[in-house]
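[1] Sequence first, predicted model second:
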Amino acid sequence: SEIAPDAVHVPDWLDAREQRELLDDCRAWSRPPAGLRTVRTPGGGTMTARQVCLGWHWYPYGYARTVVDGDGAPVKPFPRRLGELGRRALTDAFGAHAARDAAYDIALVNFYDADARMGMHRDSDEKSHAPVVSLSLGDSCVFRFGNTATRTRPYTDVELRSGDLFVFGGPSRLAYHGVPRVHAGTGPSELGLSGRLNITLRVSGL
Ligand code: MD3
Ligand code: FE
């Protein structure tokens, strides 16, 4: 369903087998070198969701080829499989024309425990305005989708569940958004994940 112009939510997009495979991959990517790390913000804060990056390393506020705020290792490559998944997501959200020249080259994986949050922010470090593809695994959360002008109201709260796809293109690409709450213990038990995982696919334009 379309939450805002070019912001499309597709519940239950990944089947159980695809969720399992993606979770196994995320666990492998999280191992050092260039594995899971805690993001420190320039103001001295720490993000509560921990992160691993593929293709390009994101730090506040830019991209690098090495883990600048972690172990300094070269970032793991962006898997071909995730590029294909990104194009399939655009096809299902917007139609085949949208996927023609989508060249995804970044994946950011965020790990949320029950207490983790993500404050309202915009993703403006990519030099491309290609749609962001977002996938959720494990516990459900409240995803807050705001407006392009302020980090406050008006916004729409949407529940994101394991297997959901959300694609943000056009005017929605630069909207403020965040995760005010994770619902502990709501994920599919067969997945064996306590907490929530969010994978975003992006085009760096670099
Ligand atoms: C709208 N992640 O990684 S997913 C992020 O659930 C991020 O971990 C949240 O915000 C999470 O930057 C929200 C939905 C999402 C992801 C990226 C977007 C919405 C977006 C980029 C642009 C606009
Ligand atoms: Fe974001």
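    Nice, thanks for sending it over. Residues are numbered from 1 along each chain as shown. Ligands and ions are numbered 1, 2, ... in the order given.
[2] what residues does the chain put near ligand 1?
    Residues of the chain lying close to ligand 1 (CB under 6 Å from any ligand atom) are 108, 110, 118, 123, 132, 134, 143, 166, 168, 173, 175, 177, 179, 198, 200. To be clear about C-beta, it is placed using only N, CA and C from the backbone, and glycine gets the same treatment.
[3] Give me the three-state assignment for the last one.
    On the three-state scheme (DSSP: H, G, I helix; E, B strand; the rest coil), Thr200 is labelled strand.
[4] wait, doesn't it sit right on Glu126?
    No: at 10.4 Å, Thr200 does not count as touching Glu126 under the criterion of CB atoms under 8 Å.
[5] how close does the closest residue to ligand 1 within the chain sit to Arg65?
    Residue of the chain nearest ligand 1, by CB to the nearest ligand atom: Asn198 (3.2 Å). To Arg65, Asn198 is 23 Å away according to CB to CB, to the nearest Å.
[6] which one of these two has more residues nearby?
    Relative neighbour count places Asn198 above the other of Asn198 and Arg65, with 24 against 11, counting by other CB atoms under 10 Å.
[7] which residues does the more buried one bridge with?
    Asn110, Ser136 (DSSP bridges).
[8] Which residue ranges of this protein form helices?
    16-29, 80-94, 96-99 (DSSP state H).
[9] ranking those helices by burial, who's on top?
    Counting by mean count of other CB atoms under 10 Å, helix 80-94 has the highest mean neighbour count of these, with a mean of 18.
[10] Which elements pack onto that one?
    Here helix 80-94 touches strand 7-10, helix 96-99, strand 132-138, strand 165-168, strand 196-202, going by 3 or more CB pairs under 8 Å, 6 or more residues apart in numbering; DSSP states H and E.
[11] In the sheet, which strands lie alongside the fourth one, parallel or antiparallel?
    It stands for strand 165-168. Taking DSSP bridges as the criterion, strand 165-168 sits next to strand 7-10 (antiparallel), strand 132-138 (antiparallel) in its sheet.
[12] to the chain's geometric centre, what's the distance from that strand?
    A distance of 9 Å separates the centroid of the chain from that of strand 165-168, by CA atoms, centre = their mean, to the nearest Å.
[13] next one: the third one
    Relative to the centre of its chain, strand 132-138 is centred 5 Å away, using CA atoms, centre = their mean.
[14] relative orientation of it and strand 196-202 in degrees?
    160 degrees (axes from the mean of the first three to the mean of the last three CA atoms, to 10 degrees).
[15] buried residues in stretch 32-46?
    Under the neighbour-count criterion of 16 or more other CB atoms under 10 Å, stretch 32-46 has Ala34, Gly35, Leu36, Arg37, Val39 buried.
[16] How about the contacts made by Pro5?
    Contacts for Pro5 (CB atoms under 8 Å, 6 or more residues apart in numbering) come out as Gly170, Pro171, Ser172.
[17] quick check, nearest of those to Leu14?
    Ser172 (21.3 Å; CB to CB).
[18] Quick check: pLDDT value at the closest one.
    According to the prediction, Ser172 has pLDDT 97.
[19] Tell me the spacing between it and Gly70.
    On the measure of CB to CB, Ser172 and Gly70 end up 30 Å apart.
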